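Visitor: My questions are about this predicted structure, shown below with the sequence.
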Amino acid sequence: MKHLIRTFLILASLCVALPIQARELVIDMTEDVVPITANFVGTDLLLYGASEDGGDVLVVVRGPNHEETVRRKEKKTIIWANGKEVTFESAPSFYFLASTRPLDEFLSKSVAKTEQIGYPALTLQAKDGKVEGDNIEEFRKALIRNKQRQGLYGIGPGLVRFKGKHLFRTQLHFPANVPVGDYKIDIYLFKGDKIVNKKTMVLPVQKFGAEAFIYNFAHRHALPYGVLAILIAAVAGWLANIIFRKA
């Protein structure tokens with residue numbers, strides 16, 4: 001109820017203010033943080049706002065950059081094993097696009113390259129220089145396919161919907177396996193194929209409760225955490241052995 005009231009008040013104020021400021025782009029979200037708890041199974045957030053009528057709205061969500069390794073499976077005699085691999089230095093851990101129309105209807109190649117909008121425009125720098133040319137492109141496409149299968153990369157033309165001439169909204173989905181960190185959300189307003197306004201938001205994805213304690217402890221005290229995990233596994237195995245013996 002609190003979020004519905006907040007949404008209604010902001011949208012009402014946008015309706016009043018927007019005609020005064022041409023090409024203004026005003027946005028907000030129903031939540032300021034994505035909380036990950038022990039029972040987190042994914043969540044949807046509503047992004048909404050107002051813009052000048054007649055434009056296209058594009059929303060780009062980028063997760064923290066991580067080092068990603070892609071391995072090629074090769075058949076050796078009768079078994080499959082890991083073959084060549086490429087490590088990309090800085091790849092978005094999460095990448096999602098939503099737009100009013102398909103990108104090729106209003107997004108030029110030069111703007112896409114400058115803003116890194118769309119899979120072909122993503123800068124994915126290989127760390128290992130031994131694989132070049134077409135081979136790099138194969139690994140690059142494999143990385144994107146892997147992320148898509150995990151539900152971490154997605155492009156949704158038509159997912160930004162207008163209500164009337166000015167108000168728009170879109171739903172952002174964060175799956176259960178979403179990485180923690182600060183997410184950058186860029187909202188573009190296009191007139192024709194030109195960007196006439198751009199807003200940027202930062203959305204934290206954070207662990208809370210026991211999940212946060214375990215995560216922080218594991219990252220800050222890696223060695224003690226590893227030893228503790230081995231001890232817990234050993235005790236659990238010992239207890240299971242005693243229980244089954246008695247049974």
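Guide: All right, it came through fine. Residues are numbered from 1 along each chain as shown.

Visitor: And the average pLDDT for stretch 47-65 is what?
Guide: In this model, stretch 47-65 has an average pLDDT of 90.

Visitor: Mind listing what's buried along that stretch?
Guide: 47-52, 55-63 (16 or more other Cβ atoms under 10 Å). Placement of C-beta: from N, CA and C, glycine included.

Visitor: mind checking the end-to-end distance for that stretch?
Guide: 23 Å (Cα to Cα, to the nearest Å).

Visitor: what does stretch 49-65 give?
Guide: So stretch 49-65: terminal residues 27 Å apart, Cα to Cα.

Visitor: Repeat that for stretch 47-67.
Guide: Using Cα to Cα, the two ends of stretch 47-67 sit 29 Å apart.

Visitor: Out of the buried residues of stretch 47-65, name the ones that lie in strands.
Guide: Within those, residues falling in strands by DSSP state E are Leu47, Tyr48, Gly49, Ala50, Asp56, Val57, Leu58, Val59, Val60, Val61, Arg62.

Visitor: shaky segments in this structure?
Guide: Within the chain, the ranges that satisfy pLDDT under 70 run 1-23, 54, 73-83, 128-134, 209-229, 231-232, 235, 238-241, 243-247.

Visitor: now, the most widely separated pair of the buried residues of stretch 47-65?
Guide: Glu52 and Gly63 (29.6 Å; Cβ to Cβ).

Visitor: in stretch 114-125, what's buried?
Guide: For stretch 114-125, by 16+ other Cβ under 10 Å, it's Glu115, Gln116, Ile117, Gly118, Tyr119, Ala121, Leu122, Leu124.

Visitor: With distance to Lys194 added, can I get those residues in JSON lines?
Guide: Shown next, in JSON lines, are the buried residues of stretch 114-125 (distance: Cβ to Cβ, whole Å):
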{"residue": "Glu115", "distance to Lys194": "12"}
{"residue": "Gln116", "distance to Lys194": "18"}
{"residue": "Ile117", "distance to Lys194": "14"}
{"residue": "Gly118", "distance to Lys194": "17"}
{"residue": "Tyr119", "distance to Lys194": "22"}
{"residue": "Ala121", "distance to Lys194": "17"}
{"residue": "Leu122", "distance to Lys194": "22"}
{"residue": "Leu124", "distance to Lys194": "27"}
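
Visitor: Which ones among the residues you listed lie within helices?
Guide: Using DSSP state H, the members of the buried residues of stretch 114-125 that fall within helices are Glu115.
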